[in-house]
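S.K.: based on what follows, work out the 3D shape:
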Amino acid sequence: MEPGSRISRVYRWDLDKTYLRTEFDTLRDLLRTAFEGAKDKRTIPGAATLLRELRGVRSPDGGVARVCFISGSPRQMRRVLTEKLHLDGVRFDEFILKPNLRNMLTGRFRAMREQVGYKLPALLSGRAGLPVETREVCFGDDAESDAFIYSLYADVLAGIVGRDLLGQILDGAGVYPEDAARTIELAAALPRADAVERIFILLDRRSAPRRFDRYGARLVPIYNYFQAALVLFQDQLLDAPAVMRVALEMADKHGYSLDMLRNSLQDVLRRGRVQPAAVQALGQAVLDSSQQLPALGELPAARDLVRAFAQRMRELGPLPSEVPPPAQGPIDYLKAMEEDLPRVRRR
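M.R.: Residues are numbered from 1 along each chain as shown. Take a look at the predicted model:
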């Protein structure tokens, strides 16, 4: 980010299973992940291109975007993870990793796996000093508790979750008292703002999208980053060529076919997360920008795929059954804890 630039939007990303294909379900997975080099780590299809596109967008008044990573990976992995992001051409402004060695040495063993007491204060601390009008988009996955934590972060910022309720939530989540006190202090010091406009949850574990209905329309479960790019186009945060560049990375480097992209499109349409008018506008914009198509893909086959897909989007007709997205009502966080926080669920 350029020194002195005004920050108009912040993109907050989890790393494992959201940006990187990381397995940590078994001890063997953990050991392999710990000893992988940067070149061995695999990026989730479309993630690198989407991040590069988002960070390059300037707001109409000249404001810039800020990219912040927050991960449950230990701080000892900073060098290899930073190298991996540089290999992918992804620039970032903040990189927060979990102090698990310190937690272990000080006997805070519960904190090594607990996420709310780590991520929520890290998010609140990262918000400090930003202009109150700065908007945020958050990316996570369904492997841990990202839907719960990001939604709670948004409602704390907006003043919907007050001090007493936040204390109940932190206590119920098993957060250490000193971490809970710091979190409440950070929340109280921030100005109230409806800052988080969108939350994306990548369905790495193929959770049913309806599982996340309790978090309202702000949160969009996605199966891949082409779906996220479609929603961001509808939100006017990406232009048409950027969406197509995400699709082309997925086709060129990860084997996505035209049918797979079309199925992804139909899925978000059926779930009411993208409106037909936005898809038609996207198709028309791509066809109108035919002079940009060579820059979108190196191979003639890739350019043909873009044109064919844009044609289908422009000619999209009415859908036989469109499910309206969930309403954005109050979230019952105490009930959500029982379903979405592993420690509470086990207890």
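S.K.: C-alpha only now, for contacts and for neighbours.
M.R.: Will do.
S.K.: just name the shakiest helix or strand of this protein by mean pLDDT.
M.R.: helix 27-35 (a mean of 52; mean pLDDT, DSSP states H and E).
S.K.: phi first, then psi, for residue 8.
M.R.: Dihedral pair for residue 8: phi -100, psi -30, per degrees, to the nearest 10.
S.K.: so it is in contact with residue 133, correct?
M.R.: Yes: counting by Cα atoms under 8 Å, residue 133 is a contact partner of residue 8 at 7.5 Å.
S.K.: which one's more surrounded, those two?
M.R.: residue 8 (21 against 12; other Cα atoms under 10 Å).
S.K.: roughly how far does that one sit from residue 67?
M.R.: 11 Å (Cα to Cα, to the nearest Å).
S.K.: now residue 154
M.R.: According to Cα to Cα, residue 154 and residue 67 sit 17 Å apart.
S.K.: next secondary structure after the least confident helix or strand of the chain?
M.R.: Of the helices and strands lying after helix 27-35 in sequence (DSSP states H and E), the nearest is helix 47-55.
S.K.: packing partners for that next one?
M.R.: Using 3 or more Cα pairs under 8 Å, 6 or more residues apart in numbering; DSSP states H and E, the elements in contact with helix 47-55 are strand 64-74, helix 225-234, helix 240-254.
S.K.: nearest to residue 165, out of the ones you listed?
M.R.: Nearest to residue 165 among the helices and strands packed on helix 47-55 is strand 64-74; the distance by Cα to Cα comes to 24.5 Å.
S.K.: quick check: mean pLDDT of the closest one?
M.R.: What strand 64-74 shows for mean pLDDT is 89.
S.K.: got a list of contacts for that strand?
M.R.: With contact meaning Cα atoms under 8 Å, 6 or more residues apart in numbering, strand 64-74 is reached by 1, 5-16, 54-58, 91-101, 115, 119, 122.
S.K.: just checking: what are the partner strands of that strand?
M.R.: strand 7-13 (parallel), strand 94-98 (parallel) (DSSP bridges).
S.K.: output that strand as CSV, restricted to C-alpha atoms.
M.R.: Only the C-alpha atoms of strand 64-74 are listed here, as CSV (Å, rounded to 0.1, in the frame of the first residue of the first chain):
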residue,chain,number,x,y,z
VAL,A,64,-6.9,2.0,-1.8
ALA,A,65,-7.5,-1.6,-0.7
ARG,A,66,-5.7,-3.3,2.2
VAL,A,67,-5.1,-7.1,2.4
CYS,A,68,-4.8,-8.6,5.8
PHE,A,69,-4.1,-12.3,6.6
ILE,A,70,-5.0,-13.9,9.9
SER,A,71,-4.1,-17.5,10.3
GLY,A,72,-4.1,-20.2,13.0
SER,A,73,-0.7,-21.4,11.7
PRO,A,74,2.1,-20.9,14.2
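S.K.: what angle separates that strand from helix 47-55?
M.R.: Here strand 64-74 runs at an angle of 140 degrees relative to helix 47-55 (axes from the mean of the first three to the mean of the last three Cα atoms, to 10 degrees).
S.K.: and strand 64-74, what's buried?
M.R.: 64-74 (16 or more other Cα atoms under 10 Å).
S.K.: relative to residue 244, which of those is nearest.
M.R.: Nearest to residue 244 among these, with distances taken as Cα to Cα, is residue 65, at 20.3 Å.
S.K.: show me the shaky parts of the stretch 1-150 of the chain.
M.R.: The stretch 1-150 of the chain contains residues with pLDDT under 70 at 1-4, 23-35, 60-61, 99-113.
S.K.: try it again at 90.
M.R.: 1-6, 21-41, 56-63, 71-78, 96-115, 129, 143-144 (pLDDT under 90).
S.K.: now the helices for the stretch 201-347 of the chain?
M.R.: 225-234, 240-254, 258-270, 276-288, 293-296, 300-314, 333-340, 342-346 (DSSP state H, counting those that start in this stretch).
S.K.: taking the ones you listed together, which one is wrapped up most tightly?
M.R.: Of all the helices of the stretch 201-347 of the chain, helix 225-234 has the most neighbours on average by mean count of other Cα atoms under 10 Å, namely a mean of 24.
S.K.: that helix: how far from the chain's middle?
M.R.: 11 Å (Cα atoms, centre = their mean, to the nearest Å).
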